[in-house]
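Asks: got a sequence here, can you build the structure:
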Amino acid sequence: MNKTGGPMTTQVTISADVMPANGFEIARRLEAHAQAARGALADQTCRALASDSRIWSAWCAERNVSALPAEPAVVVAFVDAQAKIKSPATVRRYIATIAHMHRAGELADPTKAEIVRLAVKRLVRAKGSRQRQAAPLGELAAERILATQPKTLSGLRNVALMLVMRDLLARRSEVAALTVEDLTFAEDGSATALIARSKTDQEGAGAVRWLSPRTTAALRAWLYCAGVATGPVFRAIRKNGVAKPSPLEAGEIARLLKEMATRAGIDSTMISGHSARVGMSQDLVAAGADLAAVMQAGRWKTPTMPARYCEHLLAAKGAVAQYYQRRGGV
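Replies: Next comes the predicted model:
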């Protein structure tokens, strides 16, 4: 149960104020689903489900309507309300969470109704489906960060973190989960890192990626000075200057990237946990890599996101650009 008296699972949170008379039976189903799903969903997915369900539950409670089960008309009203303040991608995620909640409670899914589908189409037509992209941390930005980070333990960690994220095209969750045991150092000064699990590899088949000598040197300096020989590679640092045993959280990684950018005189407004991934994708394309190679480096299953990240560079290499190049630029 949560503080309002409603059921709480690892994935779904619902207030008792927006549950029907058979709420305890639905709560039992939610708990049973949470137990069955334990270990099947990524931690980030569970956090998103819990956060979204709280938003949905609170919205329904304010209007004294049932959140579970919900009527399609209520979902439409929610979509229209959220469309005023949230992006289409976020609203779509909310709808997916509402659908998940109803499946978990063994209830009819209101998001399948035609009026809900039309509400989403109305939202997309009004605001468009194009998402804002994280600002890149490309090679020039990386050089500025290297030049401006202090020669302290936190500075050593930050430099190693940024460079590792670029070389691995790492997501926040991937670099947070990286351990010393995942690293293999080579005699030529480079290294490889095993990404044991990722967003597109929930079964944990793993992927090995290369780290440059520059990145490896920065990584070795951080590990040595922090006294880290086993366990999580990247950690928070206590006020007494000692590295904590636990790994950095994903949100902390995004904050550190913003701080590094700000210190280097880079506008950090759009810097996020994806910025190193975006920056290296663009650097690879600028250096001549094709989209398939970028997909392999970044462990993408489809070309949608890397193509989006590199759309301006790819356009400059497209058929029209090649046509004018063959004409001598005329």
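Asks: give me the domain ranges for the protein.
Replies: 16-127, 139-315 (automatic domain parsing).
Asks: nearest to Q322, of the ones you listed?
Replies: The minimum distance between Q322 and these falls on domain 139-315, with 11.2 Å, by Cβ to Cβ. Just so you know, the C-beta spots here come from the backbone N, C-alpha and C atoms, and that holds for glycine as well.
Asks: and that closest one, how far apart are its ends?
Replies: Using Cα to Cα, to the nearest Å, the span of domain 139-315 from its first residue to its last is 21 Å.
Asks: stretch 254-272 now?
Replies: 5 Å.
Asks: from the chain's centroid, how far away is stretch 137-144?
Replies: 21 Å (Cα atoms, centre = their mean, to the nearest Å).
Asks: give me the longest helix you can find in the protein.
Replies: The helix that spans the most residues within the chain, counting by DSSP state H, is helix 43-63.
Asks: next structured bit after it?
Replies: helix 72-83 (DSSP states H and E).
Asks: ok, and what's touching that next one?
Replies: Contacts made with helix 72-83 from outside it, assessed by Cβ atoms under 8 Å, 6 or more residues apart in numbering, are listed as 56, 59-60, 63, 65-66, 90-91, 94-95, 98, 110-111, 113, 115-116, 119-120, 122-123, 126-127.
Asks: give me the buried positions along the longest helix of the chain.
Replies: Buried residues in helix 43-63, defined by neighbour count with 16 or more other Cβ atoms under 10 Å: 46, 48-50, 52-57, 59-61.
Asks: mind putting the residues you listed in TSV, distance to L156 and pLDDT included?
Replies: Conversion of those to TSV gives the following (distance: Cβ to Cβ, whole Å; pLDDT from 0 to 100):
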residue	distance to L156	pLDDT
C46	33	81
A48	32	83
L49	36	87
A50	35	87
D52	37	91
S53	40	90
R54	38	91
I55	39	93
W56	43	93
S57	44	91
W59	45	93
C60	49	93
A61	48	91
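Asks: and the contacts of helix 72-83, which of them are buried?
Replies: The neighbour count (16+ other Cβ under 10 Å) marks 56, 59-60, 65, 91, 94-95, 98, 110-111, 113, 116, 119-120, 123 as buried among the contacts of helix 72-83.
Asks: looking at those, spot the one nearest E252.
Replies: Ranking the buried ones among the contacts of helix 72-83 by separation from E252, with Cβ to Cβ as the measure, puts Y94 on top at 25.5 Å.
Asks: which element is that closest one on?
Replies: Assigned by DSSP H and E, Y94 falls in helix 88-104.
Asks: after that helix, next one along is what?
Replies: Per DSSP H and E, the helix or strand that comes after helix 88-104 is helix 114-127.
Asks: for V175, give its distance to L248.
Replies: Per Cβ to Cβ, to the nearest Å, V175 is found 8 Å from L248.
Asks: what's the answer for L153, then?
Replies: Taking Cβ to Cβ as the criterion, L153 is separated from L248 by 14 Å.
Asks: same question, M162
Replies: Between M162 and L248 the computed distance is 13 Å (Cβ to Cβ).
Asks: ends of stretch 105-114, how far apart?
Replies: Chord length of stretch 105-114, first to last residue, is 22 Å (Cα to Cα).
Asks: try stretch 196-213
Replies: With Cα to Cα applied, stretch 196-213 spans 22 Å between its terminal residues.
Asks: avg pLDDT for it?
Replies: The average pLDDT within stretch 196-213 is 79.
Asks: likewise stretch 286-294?
Replies: The average pLDDT within stretch 286-294 is 90.
Asks: who has more neighbours out of L153 and L248?
Replies: Neighbours per residue (other Cβ atoms under 10 Å) separate L153 from L248, with L248 holding more: 22 against 16.
Asks: what's the burial count for the nearest residue to that one once chain neighbours are set aside?
Replies: For L248, the nearest residue in space outside its immediate sequence neighbours is F234; the separation is 4.8 Å by Cβ to Cβ, 6 or more residues apart in numbering. With neighbours defined by other Cβ under 10 Å, the count for F234 comes to 26.
Asks: now do the contacts for F234.
Replies: Listed by Cβ under 8 Å, 6+ apart, the contact partners of F234 are R157, A160, L161, V164, V175, A176, L178, P247, L248, I253.
Asks: pLDDT score for it?
Replies: At F234 the predicted local confidence, pLDDT, stands at 97.
Asks: that one and S275, how far apart?
Replies: Using Cβ to Cβ, which is the criterion applied here, F234 is 16 Å from S275.
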